[in-house]
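> the sequence and its predicted three-dimensional model are supplied below.
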Amino acid sequence: KVIGETYIADAGVPMARAATETQRAGLSGLEFGLAIPGSVGGAVWANAGAHESEMAAVLTSARVLLADGTEVDLPVEDLGLSYRDSRFKHASPDAPAELVVEATFRLEPADADTIKRRLDEIRHWRQAHQPLGLPSAGSVFRNPPGDSAGRLIDLAGLKGTRIGGAQVSAKHANFIVNDQKGTATD
């Protein structure tokens, strides 16, 4: 839901939907979410990012279900967000995990048509550079500082390498795609 320059989304909302909902509301900042193949809750959990932005840049707080069953609103400063990381990834193995149930974002007003053009640019870039027609988990490896994991995998000569039904994408080497016959072992 949109309240002024604030967008509040349940954890299960797909990031692509969040990007289009905020565009229609004339709010800019979540355009990168169009490229995130997951939900708002998962994106907070991973501090997901794309196209030179990430959740930490626009997130103000998250409603979290704590291990004791209570819900609490935590400010972004308490989420331990860093490059593709958060406090949620470091839960104690002896306790139930904390779960993100809702996220609140602070966005900037902008012309809806301008935001739509940015979404179209992201959509076209993805179509040209990513293997969108095959099942995958998105980018597999974190980028090392100052470089690209996909570039390094390609440089190692692994682009297109196949084991069973799993293959390092011939289009973008940081994607492992599945021809729908691949197994976890592959």
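That came through, no problem. Remember, predicted model here, so these are calculated numbers, not experimental data.
> where do the strands sit along the protein?
Applying DSSP state E to the chain gives strands spanning 2-3, 6-10, 27-28, 49-50, 53-54, 59-65, 71-75, 99-106, 108-109, 136-139, 162-163, 166-168, 175-178.
> next, count neighbours for the closest residue to Leu59 other than its chain neighbours.
Nearest in space to Leu59, with sequence neighbours left out and distances taken as C-beta to C-beta, 6 or more residues apart in numbering, is Val76 at 5.0 Å. The C-beta positions use only the backbone N, C-alpha and C, and glycine is treated the same way. Residues near Val76, counting by other C-beta atoms under 10 Å, number 20.
> output the contacting helices and strands for the longest helix along the chain.
Scanning the chain for the helix with the most residues, using DSSP state H, yields helix 112-129. When contacts are defined as 3 or more C-beta pairs under 8 Å, 6 or more residues apart in numbering; DSSP states H and E, helix 112-129 packs onto helix 15-24, strand 27-28.
> quick one: contacts of the worst-scoring helix or strand of the chain on mean pLDDT?
Per-element confidence for the chain was summarised using mean pLDDT, DSSP states H and E. The lowest value among helices and strands belongs to strand 136-139, with a mean of 80. Strand 136-139 has contacts (C-beta atoms under 8 Å, 6 or more residues apart in numbering) with 36-38, 149-150, 169, 172, 174-178.
> that strand pairs with which strands, parallel or anti?
With DSSP bridges as the test, strand 136-139 is paired with strand 175-178 (antiparallel).
> quick one, which of the helices and strands packed on helix 112-129 gets closest to Arg63.
Between Arg63 and the helices and strands packed on helix 112-129, the shortest gap by C-beta to C-beta is with helix 15-24, which sits at 15.3 Å.
> name the residues of that closest one that come out as buried.
For helix 15-24, the neighbour count (16 or more other C-beta atoms under 10 Å) marks 15-16, 18-23 as buried.
> count of residues packed around the closest residue to Phe141 other than its chain neighbours?
Excluding the flanking residues, the one nearest Phe141 by C-beta to C-beta, 6+ apart is Ala149, at 3.9 Å. Other residues lying near Ala149 total 15 when counted by other C-beta under 10 Å.
> what separation do you get for Ala149 and Arg123?
22 Å (C-beta to C-beta, to the nearest Å).
> how about Leu99?
The separation that Leu99 has from Arg123, given C-beta to C-beta, amounts to 30 Å.
> who has more neighbours, the two?
Taking other C-beta under 10 Å, Leu99 and Arg123 do not tie; Leu99 has more neighbours (17 against 14).
> who are the neighbours in contact with that one?
By C-beta under 8 Å, 6+ apart, Leu99 lies in contact with 11, 41, 64-65.
> just Asn143 next, same as before
The neighbours of Asn143, taking C-beta under 8 Å, 6+ apart as the test, are Ala149.
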